[in-house]
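1. all I have is the shape, not the residue letters:
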Ligand SMILES: *[C@@H]1O[C@H](CO)[C@@H](O)[C@H](O)[C@H]1NC(C)=O
Ligand SMILES: *[C@@H]1O[C@H](CO)[C@@H](O)[C@H](O)[C@H]1NC(C)=O
Ligand SMILES: *[C@@H]1O[C@H](CO)[C@@H](O)[C@H](O)[C@H]1NC(C)=O
Ligand SMILES: *[C@@H]1O[C@H](CO)[C@@H](O)[C@H](O)[C@H]1NC(C)=O
Ligand SMILES: *[C@@H]1O[C@H](CO)[C@@H](O)[C@H](O)[C@H]1NC(C)=O
Ligand SMILES: *[C@@H]1O[C@H](CO)[C@@H](O)[C@H](O)[C@H]1NC(C)=O
């Protein structure tokens with residue numbers, strides 16, 4: 001009898017641990033942006049949701065005169081398909097609607113955020129669209145607020161947005177819509193002529209998480225030397241992921257609210273001398289790709305086709321390859337593993353990838369997911 005009770009007690013304990021684990025908030029955000037312009041080659045059904053807890057539909061625009069979301073016919077075709085597909089998958093992922101992006105006008109966001117009536121129209125539109133198409137939240141990708149005025153308006157927007165989402169959740173008796181934002185790699189624009197810092201108090205209080213874009217540190221705008229576009233450490237400058245993430249933490253954003261960006265693409269140069277091929281080697285311009293940008297699967301193909309030499313640089317935590325005068329800087333599975341270990345050690349909320357469909361057979365996304373799950 002006593003032995004049976006012990007077995008029962010053991011089972012109850014195991015089961016309650018399991019239930020507690022299963023019902024608590026997801027302990028990690030494994031994010032991925034899905035470019036809707038690639039819908040025909042990479043439809044939502046092809047996304048392996050075991051590697052992603054949060055998927056972002058990229059992007060929907062904001063109308064510059066009405067400040068409502070602009071839903072194109074392509075968006076109308078894919079948004080519901082995206083949300084229902086990722087919700088029905090095993091395991092399911094959350095679906096967020098991402099607004100703006102690198103090609104959207106920052107002025108539209110600026111004009112919206114500065115005016116109370118425009119903010120109200122915008123917020124109402126985000127609720128209407130998110131609910132209509134079945135999204136779990138909205139992700140703001142304003143690249144970038146240009147000055148202190150934009151930053152303080154952004155704080156007001158976050159506050160009003162959160163209040164509106166809470167009110168809507170109470171009225172509709174549905175889970176509150178999430179608020180996230182893709183942000184600069186550092187908490188302030190310390191390299192720019194117009195110094196300005198993100199409104200960290202508003203982020204801490206009203207935003208579920210922010211996603212620093214930890215890439216594009218070097219590229220075609222610096223044609224005379226090779227550069228590691230997403231390096232973790234740089235002993236000679238503050239343009240690095242470790243500095244950027246630390247700046248957010250130092251500014252007061254809890255690590256749990258930081259979701260670190262990882263690129264699924266690289267940047268290329270033409271070497272001046274094929275025998276001088278380190279990071280920072282003299283270059284004469286951009287290398288292969290679209291203005292010196294190659295997607296990760298293209299890099300794997302390029303390396304194989306050109307018998308390129310690949311190097312992992314442990315000091316910076318970055319990978320590069322060279323073949324003749326071609327030089328490619330990117331992340332392979334080893335540098336991704338080091339970066340995800342860094343994110344875990346700093347107790348960040350997780351990581352995200354830009355962008356789905358750029359990986360080679362999901363190699364890097366799988367490596368990141370496995371690394372985060374590993375027991376230490
Ligand atoms: C923005 O909205 C206005 C008024 O509804 C419309 O005329 C215009 O075409 C829209 N712009 C875009 C880019 O959709
Ligand atoms: C999504 O679209 C695909 C066509 O690409 C279709 O096969 C699938 O059934 C759709 N899924 C949902 C949930 O609408
Ligand atoms: C705010 O925008 C509305 C309509 O977009 C306009 O009528 C109003 O004058 C603006 N308010 C200010 C203070 O600029
Ligand atoms: C990096 O930033 C710190 C302060 O955050 C500053 O003290 C230091 O001088 C900066 N280093 C470089 C190389 O700019
Ligand atoms: C590829 O490069 C390696 C050195 O990096 C060399 O040993 C090998 O012969 C090359 N193979 C071909 C097919 O060119
Ligand atoms: C990443 O690149 C380095 C240098 O070629 C290599 O040693 C390492 O095995 C690569 N990582 C993986 C997981 O393939």
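-> Looks like it arrived, so ask away. Computed from a predicted model, the values in this text were never measured in an experiment. Ligands and ions are numbered 1, 2, ... in the order given.
2. hey, let's count contacts and neighbours off CA atoms from now on
-> OK.
3. phi, psi of residue 284?
-> Summarising the backbone geometry of residue 284 under the convention degrees, to the nearest 10, its torsions are phi -120, psi 10.
4. how many other residues sit next to it?
-> Applying the criterion other CA atoms under 10 Å, we find 16 residues in the vicinity of residue 284.
5. swap in residue 119?
-> The criterion is other CA under 10 Å. On that basis, residue 119 has 22 neighbouring residues.
6. residues contacting the helix or strand containing it, please?
-> Using DSSP states H and E, residue 119 falls within helix 116-133. For helix 116-133, the surrounding residues in contact (CA atoms under 8 Å, 6 or more residues apart in numbering) are 66-69, 79-80, 83, 97, 111-113, 136-138, 157, 161, 164-165.
7. residues from the protein in reach of ligand 6?
-> 310-312, 332-334 (CA under 6 Å from any ligand atom).
8. out of the residues you listed, who's nearest ligand 1?
-> The nearest member of the residues of the chain next to ligand 6 to ligand 1, counting by CA to the nearest ligand atom, is residue 332 at 38.7 Å.
9. state the pLDDT value of that closest one.
-> Residue 332 carries a pLDDT value of 98.
10. show me the contacts for it.
-> Residues in contact with residue 332, defined by CA under 8 Å, 6+ apart, are 318-319, 364.
11. how about a cut-off of 7 Å?
-> Contacts were defined as CA atoms under 7 Å, 6 or more residues apart in numbering; by that measure residue 332 touches 319, 364.
12. circling back: quick check, the helix holding residue 119 touching ligand 3?
-> Yes. Judged by CA under 6 Å from any ligand atom, helix 116-133 comes into contact with ligand 3 through 117-118.
13. could you pull up the mean pLDDT of that helix?
-> Confidence over helix 116-133 (mean pLDDT, whole number) is 98.
14. ditto for stretch 343-357
-> Per-residue pLDDT values across stretch 343-357 average out to 98.
15. got the end-to-end distance for that stretch?
-> From the first residue to the last, stretch 343-357 extends over 23 Å; the measure is CA to CA, to the nearest Å.
16. quick one: the residue in the stretch 51-200 of the chain that ligand 4 sits nearest to from residue 182, how far?
-> Minimum separation of the stretch 51-200 of the chain from ligand 4 (CA to the nearest ligand atom) falls at residue 190, amounting to 8.8 Å. Using CA to CA, one gets 18 Å for the distance from residue 190 to residue 182.
17. what separates residue 345 from residue 194, distance-wise?
-> Note on residue 345: its distance to residue 194, by CA to CA, is 33 Å.
18. neighbour count: residue 190 and residue 182, which is higher?
-> Summary of the neighbour comparison: residue 190 and residue 182, criterion other CA under 10 Å, with residue 182 having more neighbours (23 against 13).
19. for the residue of the stretch 51-200 of the chain closest to ligand 4, what are its contacts?
-> Shown in contact with residue 190 (CA under 7 Å, 6+ apart): no residues.
20. and it, what helix or strand is that in?
-> Residue 190 belongs to no helix or strand when elements are defined using DSSP H and E.
21. now do residue 57
-> With secondary structure defined by DSSP H and E, residue 57 is part of strand 54-62.
22. can you check residue 201 too?
-> Residue 201 is located in helix 200-206, with elements delineated by DSSP H and E.
23. and the helix or strand that that helix is followed by, what does it pack onto?
-> Reading on from helix 200-206 to the C-terminus, the next helix or strand found by DSSP H and E is strand 209-212. Applying 3 or more CA pairs under 7 Å, 6 or more residues apart in numbering; DSSP states H and E, we find strand 209-212 packed against strand 178-183, strand 259-263.
24. off-centre distance for the helix or strand that strand 209-212 is followed by?
-> Next along the chain after strand 209-212, taking DSSP H and E as the criterion, comes helix 241-251. Between the centre of helix 241-251 and the centre of its chain there are 16 Å (CA atoms, centre = their mean, to the nearest Å).
25. go on, stretch 81-89?
-> Per CA atoms, centre = their mean, the centroid offset for stretch 81-89 relative to its chain is 20 Å.
26. isn't there a helix covering residue 348?
-> No. Using DSSP: H, G, I helix; E, B strand; the rest coil, the secondary structure at residue 348 is coil, not a helix.
27. list the buried residues in the longest helix along the chain.
-> Taking DSSP state H as the assignment, the helix of the chain that covers the most residues is helix 148-172. When neighbours are counted by 16 or more other CA atoms under 10 Å, the buried residues of helix 148-172 are found to be 150-162, 164-166, 168.
28. pretty sure residue 232 contacts residue 317?
-> Yes. Under the criterion of CA atoms under 7 Å, residue 232 lies in contact with residue 317, with a separation of 5.5 Å.
29. what is the burial count for the closest residue to residue 352 other than its chain neighbours?
-> Sequence neighbours aside, residue 31 is the residue nearest to residue 352 in space, at 4.0 Å (criterion: CA to CA, 6 or more residues apart in numbering). Neighbour count for residue 31, taken as other CA under 10 Å: 29.
30. surely residue 31 is within a strand?
-> Yes. Counting by three-state DSSP, residue 31 is found in a strand.
31. ok, now which ones touch it?
-> Residue 31 sits next to 52-55, 351-353 when contact means CA under 7 Å, 6+ apart.
32. which strand residues bridge it?
-> residue 54, residue 352 (DSSP bridges).
33. for residue 264, see how far away it is.
-> Taking CA to CA as the measure, residue 31 and residue 264 are separated by 13 Å.
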